[in-house]
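>>> Got a predicted model here, sequence first, then my questions.
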Amino acid sequence: MAYAKTLQREKIIDLLSKEVLIVLGGSCFLAILSQLAIPLPFTPVPLTLQTFAVFLLAGILGSRRAVYSVLAHLVQGCCGLPVLAGGTTNPLWFAEPKAGFLFSFLAAVFLIGKLLEKRDRATLLYIALSLSLGQLAISGIGMLWLSLYFGLSKAFYFGVAPFLSGAAIKITAATLCLKGYSLCTRTISTNPKKLILRTANLLNSDGYHSGPSSNDHSLPILKKYRPPHDPSNLNHSEIVKIQEPSRA
């Protein structure tokens, strides 16, 4: 009984450790892409790859892990780590006009993650629409927060209009990346035997053949193929008969 409890406790610890590592990896990925920032002179909001990272996190990690990754990223910013746009450090980032865009990442990853989780084999159009809704959430929340400082009309001019073309490019790139990731993971997870059988077929053409499979549908055992006239397949007497010259 005590051993079972210890084993269960170890499994829980391993599971939590795995989740923590995934979340920290997601926050680091967001922090890395946040370093690529271009400040614009006419707006306090810089041009970054943060939204692109948000799209990928939501599509790859799912809604729950992506939300935790963004939360970890924001907490790291509050701790003074250089994880914000352009590598800046500002523990009071939540008091700035552009803070609404950072808060909106939470809503965006949750929305995108939930939409993509409903479809196991999402089409390119469905992925693009899901990312577009996430971008709409980012722009809407960020604009509303920015309107507290500049008014609604100026908030749209400063926080939305300059980034529409860039948002379209990032949505397109993220859609292609997520579709490719989905195809790769589906091939690896659902067809491992097919990959091995394809390798066996290639070996067949190089002098190998597959032996009979068992009734439990296990994979065939690869055996070295030896031609019927190969001397290694014959016993000693048969070899002597072959090597002796025929007598008239």
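Perfect, thanks for sending it. Numbers count the residues shown, from 1 in each chain.

>>> going forward, measure contacts and count neighbours with C-alpha atoms only.
Fine.

>>> any idea how far Phe163 is from the nearest residue to Leu30 once chain neighbours are set aside?
Nearest residue to Leu30 in three dimensions, chain neighbours excluded: Ala53, at 5.6 Å (CA to CA, 6 or more residues apart in numbering). Distance of Ala53 to Phe163, computed by CA to CA, to the nearest Å: 16 Å.

>>> What of Lys5?
For Lys5, the distance to Phe163 - CA to CA - is 54 Å.

>>> more neighbours, the two?
Taking other CA atoms under 10 Å, Lys5 and Phe163 do not tie; Phe163 has more neighbours (16 against 10).

>>> Quick one: residues contacting the more buried one.
If you count contacts by CA atoms under 8 Å, 6 or more residues apart in numbering, Phe163 has them with Leu47.

>>> let's number from 24 now, not from 1
With 24 as the first residue, the last one maps to Phe186.

>>> Am I right that it sits in a helix?
Yes - using DSSP: H, G, I helix; E, B strand; the rest coil, the assignment for Phe186 is a helix.

>>> what about the residue nearest the centre of the chain, distance to Gly123?
Central residue of the chain (CA atoms, centre = their mean): Ile83, 3.8 Å from the mean position. According to CA to CA, Ile83 stands 24 Å off from Gly123.

>>> Packing partners of the longest helix along the chain?
With secondary structure taken from DSSP state H, the chain has its longest helix at helix 25-57. Under the contact criterion of 3 or more CA pairs under 8 Å, 6 or more residues apart in numbering; DSSP states H and E, helix 25-57 touches helix 73-101.

>>> Show me which positions of the helix it packs on end up buried.
73-86, 88-97, 99-101 (16 or more other CA atoms under 10 Å).

>>> Just the C-alphas of the helix or strand following it, formatted as PDB.
The element immediately downstream of helix 73-101 (helix or strand, assigned by DSSP states H and E) is helix 122-140. The C-alpha trace of helix 122-140 is given here as PDB (Å, rounded to 0.1, in the frame of the first residue of the first chain):
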ATOM      1  CA  ALA A 122      -0.400  47.200 -21.300                       C
ATOM      2  CA  GLY A 123      -3.800  46.300 -22.700                       C
ATOM      3  CA  PHE A 124      -2.100  44.500 -25.600                       C
ATOM      4  CA  LEU A 125      -0.200  42.300 -23.100                       C
ATOM      5  CA  PHE A 126      -3.300  41.500 -21.100                       C
ATOM      6  CA  SER A 127      -5.100  40.700 -24.400                       C
ATOM      7  CA  PHE A 128      -2.700  37.900 -25.000                       C
ATOM      8  CA  LEU A 129      -4.400  35.900 -22.300                       C
ATOM      9  CA  ALA A 130      -7.800  36.200 -24.000                       C
ATOM     10  CA  ALA A 131      -6.300  35.500 -27.400                       C
ATOM     11  CA  VAL A 132      -4.500  32.300 -26.500                       C
ATOM     12  CA  PHE A 133      -7.500  31.000 -24.700                       C
ATOM     13  CA  LEU A 134      -9.900  31.700 -27.600                       C
ATOM     14  CA  ILE A 135      -7.600  30.400 -30.300                       C
ATOM     15  CA  GLY A 136      -6.700  27.300 -28.300                       C
ATOM     16  CA  LYS A 137     -10.400  26.400 -27.600                       C
ATOM     17  CA  LEU A 138     -11.300  26.900 -31.300                       C
ATOM     18  CA  LEU A 139      -8.500  24.700 -32.500                       C
ATOM     19  CA  GLU A 140      -9.100  22.000 -29.900                       C
END
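
>>> Cool, thanks, signing off.
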